[in-house]
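Engineer: Please find the sequence and the predicted model below.
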Amino acid sequence: MNPDLLARMRDIHELHMDQVSWWPPALGWWLLAAVALGFLALLWWGFRNLRAYPPGTWHRDARNQLLALKKLSRQLTPEQSLRELSELLRRIAVTRLGREQAAGLSGDDWLAWLQQQDPAQFAWQKKATVLITVPYAPPGYTSVNQDQVIQLINAALNWARYDRKTRA
């Protein structure tokens, strides 16, 4: 080999691996870390969702129906939404605790029972009186706004989520 060529390549020979720093990582490693964290977050969310709402259970069905009502409530009148919500709450209560305990309740007793059975302690007796008046009133007789309906649907979603043994 020609010694002049080797002399010109001297700067290449001086670069050693111990001179290259490992920090900060290259852009590709940052992207890989972000994708891995996103995948772990998605996996955690999916596992949590499956544990809370197992496929084929009444919990998932009730949640899906309440979410569908929440979406549809923007197109329905508040009175129609409350009628649907009242019916869904009855079906959830009967499925959750049995016909004997939930089906015969009406009026203030129904709201008191909902409040007693709610682990999230939503104020059903104060905020949900429209559930016992609006579905049975003539159209336009009572005034209820859309935000109140959404608040009640959100409370129903929280109430239907719990599967622990409830108080009698």
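Structural biologist: Received it, and whenever you're ready, just let me know what you need. Residues are numbered from 1 along each chain as shown.

Engineer: For burial, what's the neighbour tally of Leu152?
Structural biologist: Leu152 has 23 neighbours, counted by other C-beta atoms under 10 Å. In this view, the C-beta of every residue, glycine as well, is placed from N, C-alpha and C.

Engineer: My error: substitute Trp110 in the last question.
Structural biologist: A count of nearby residues for Trp110, using other C-beta under 10 Å, gives 21.

Engineer: again with Ala112
Structural biologist: Neighbours of Ala112 under the rule other C-beta under 10 Å: 13.

Engineer: Where does it fall, secondary structure wise?
Structural biologist: Counting by DSSP states H and E, the secondary-structure element that holds Ala112 is helix 107-117.

Engineer: Point out the other helices and strands that the helix or strand following that helix packs with.
Structural biologist: Next along the chain after helix 107-117, taking DSSP H and E as the criterion, comes helix 124-127. With contacts taken as 3 or more C-beta pairs under 8 Å, 6 or more residues apart in numbering; DSSP states H and E, helix 124-127 sits against helix 107-117, helix 146-161.
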